[in-house]
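**Q** No sequence on hand, only this structure:
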Ligand SMILES: Nc1ncnc2c1ncn2[C@@H]1O[C@H](COP(=O)(O)OP(=O)(O)OP(=O)(O)O)[C@@H](O)[C@H]1O
């Protein structure tokens, strides 16, 4: 941290690109400087971090004070003896640009106290305001509109769908709101019978197609009284009918006062909220005869009518909505399951690491076979001239870890054509027909982007012999695969490469000529193959010794190892070197890695006591194990007299 002090003898000036001292010395500014200062005549020290833009402000006189790390403010002054350099007024003291301070400590401190709060507030607020302005400048309405437009363009289907759902829901809500009618008071059936018996029921309506009965009584005023005392909902009180009719007549004569208008409004509102039927109840089964005879006896007027169209529509809408709302999440899940957007073809992503044939070693014959296919796809070999057809399928067969998948990736890297890679297990679906649909989808996309390659890993997951199990879905998927492979036109440049460890489990129909007619065996590499594979994997590993020497050594020590094992040895050796903090991989690391690969990680003597301890650690809730591990020593004889052998 550079430390400068401002005083008469040692003044500091900041220009746009350098610090200038009174003595004429200069120091170039590098972007951001941090320095101490003393504001003369007070022995007040602090430091401030300047950048070039602030320097500009300072020079222009806009920045008239400095603030230290604790937020304390000091006026910034210019040294008078720099007159010569800068043409500023020269006095023998530091002059405050801001307050014109004449060196009076008391007056300065007083002023400082007064404006302390204001300054602190403004100093804190100013950068925030500046930041806000910058942000506001960036966030314009135009950019926001552009963002919205881009979003809508990208998700047009989603936006349309959600928009139409919202509109439909809004319309439903409006419809329900507009057609809402005041509902009658629901009473028990016995009330209807009681009212009928005491002759207070004036009118009854039996709704057709439902169990509802509506009725009116002439007991409104009494009822209101009882309801009030019971604390039940009161019937709505109408404004004075006479008043209302008077107002209506006023309207006729065009002498409407605000008062009368209010009365009319109240009256129409109340009328609208009065139900057509005062009471509603549910019919009791097998009691119709009694009800009808009672009504006839009492001379009550009764009728039957179907539900109005509006009401039927309302109830249908309500039923649909209440049914669908809980069903929507389920439908969404189902849609996601069935959606073709989930299909492997669409999910495919380009490999970031491009693999070439140089990266696959020790499988030369397989490489030659596949290289030929790449040449055919690229048009380097004119096979059509002689009436030959491009092989539709190549089946890579061999033990695990021999590089089948790597070979397929190398084909993709070399051919430079679209490459669709899927694992056959991705076609195994819960719903019958979905696996077949996925196969169809995959082949459709591949055909569209012809010439292309489809790679199906672990083919036995769907290509097993048909009819051996009750799994209908798997058989359908396989049938679809067979159909798709037959469906290629002769000039269609789509090659299907599949890999499996169990060729014997495959359905014979898959392996017949015209489908996976070319079978390529990818076997265990010989010593030379292992040496080459090791050379591939040791390419970027810093070795203590010569790489060829190490490759020869490891290849001779690892008969029966496949490519994956060798890659693992190299990786383990590098990890061991890193564990001991080494910069390079030594022969010892490699030897230990081979040992680990051959015999596993086994550096402990597994004695019964050790086993007990380990088990105790794993199952601490079993006290017997923990105790055994504590007490058992070599040759310890337990209470039953058994000798522990170690
Ligand atoms: N011939 C090889 N040359 C170079 N590396 C190899 C070779 N064979 C295997 N490897 C290494 O082993 C890793 C695993 O190989 P890969 O997945 O291709 O084996 P696989 O035969 O497809 O195995 P599986 O049948 O179990 O799917 C590769 O990523 C690569 O690092």
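**A** Thanks, I have it. What you see is a predicted model; the values in this text were computed from it and never measured.
**Q** From now on I want contacts and neighbour counts done on CA atoms only, so please keep to that.
**A** Noted.
**Q** Show me what secondary structure element comes after the helix or strand that contains residue 365.
**A** Following DSSP states H and E, one finds residue 365 within helix 364-378. Using DSSP H and E, the helix or strand that follows helix 364-378 towards the C-terminus is strand 393-397.
**Q** Just want the angle from that next one to helix 364-378.
**A** Angle between the axes of strand 393-397 and helix 364-378 is 160 degrees (criterion: axes from the mean of the first three to the mean of the last three CA atoms, to 10 degrees).
**Q** can you list the weak-confidence ranges in the stretch 451-600 of the chain?
**A** Applying pLDDT under 70 to the stretch 451-600 of the chain flags residues 467-472, 487-491.
**Q** Which stretches in it count as helices?
**A** Here the stretch 451-600 of the chain has its helices, by DSSP state H, counting those that start in this stretch, at 460-463, 472-486, 508-511, 527-537, 547-557, 563-579, 587-599.
**Q** re the thing from before, now for the helix holding residue 365, which elements pack on it?
**A** With contacts defined as 3 or more CA pairs under 8 Å, 6 or more residues apart in numbering; DSSP states H and E, the packing partners of helix 364-378 are helix 404-415, strand 518-521.
**Q** hey, which of those is tucked in deepest?
**A** Ranked by mean neighbour count under mean count of other CA atoms under 10 Å, the helices and strands packed on helix 364-378 are led by helix 404-415, which reaches a mean of 22.
**Q** wait, does that one contact the ligand?
**A** Yes. Helix 404-415 lies within reach of the ligand by CA under 6 Å from any ligand atom, at 404-406.
**Q** tell me the mean pLDDT over that helix?
**A** Per-residue pLDDT over helix 404-415 has a mean of 85.
**Q** Now do it against helix 364-378: the angle between them, please.
**A** For helix 404-415 against helix 364-378, the angle by the same axes, to 10 degrees is 40 degrees.
**Q** give me the beta-bridge partners of residue 394?
**A** When assigned by DSSP bridges, residue 394 has beta-bridge partners residue 497, residue 518.
**Q** what residues are up against it?
**A** Counting by CA atoms under 8 Å, 6 or more residues apart in numbering, residue 394 touches 495-498, 516-520.
**Q** With distance to residue 192 as extra columns, can I get the helices and strands packed on helix 364-378 in JSON lines?
**A** Shown next, in JSON lines, are the helices and strands packed on helix 364-378 (distance: least, CA to CA, whole Å):
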{"stretch": "helix 404-415", "distance to residue 192": "82"}
{"stretch": "strand 518-521", "distance to residue 192": "87"}
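**Q** Compare those and give me the one nearest residue 357.
**A** Across the helices and strands packed on helix 364-378, residue 357 has its closest neighbour in helix 404-415 (5.3 Å, CA to CA).
**Q** just checking, what packs against that closest one?
**A** Counting contacts by 3+ CA pairs under 8 Å, 6+ apart, helix 404-415 packs against helix 364-378, strand 452-457, strand 494-500.
**Q** Disregarding residues adjacent in the polypeptide, which is nearest to residue 563?
**A** Nearest non-adjacent residue to residue 563, counting by CA to CA, 6 or more residues apart in numbering: residue 402, 5.3 Å away.
**Q** could you measure the residue of the stretch 151-300 of the chain found nearest the ligand against residue 165, distance?
**A** Taking CA to the nearest ligand atom as the measure, the point where the stretch 151-300 of the chain comes nearest the ligand is residue 154, at 36.8 Å. Computed as CA to CA, to the nearest Å, the residue 154 to residue 165 distance reads 19 Å.
**Q** Next up, the contacts around residue 494.
**A** Residues near residue 494 by CA under 8 Å, 6+ apart: 392, 446-447, 450-454, 488.
**Q** before we move on, back to that, can you tell which of the helices of the stretch 451-600 of the chain is closest to residue 313?
**A** Nearest to residue 313 among the helices of the stretch 451-600 of the chain is helix 472-486 (42.7 Å), distances taken as CA to CA.
**Q** So the protein: which segments form each domain?
**A** For the chain, the structural domains run 143-180+312-342, 182-218+276-307, 357-523, 528-616, going by the TED database.
**Q** Burial-wise, tell me which of the ones you listed comes out on top.
**A** Among those, domain 357-523 has the highest mean neighbour count (mean count of other CA under 10 Å), at a mean of 19.
**Q** Would you mind measuring the gap between the ends of that one?
**A** From its first residue to its last, domain 357-523 covers 17 Å (CA to CA).
**Q** same deal with stretch 518-535?
**A** Start-to-end span of stretch 518-535 (CA to CA) is 30 Å.
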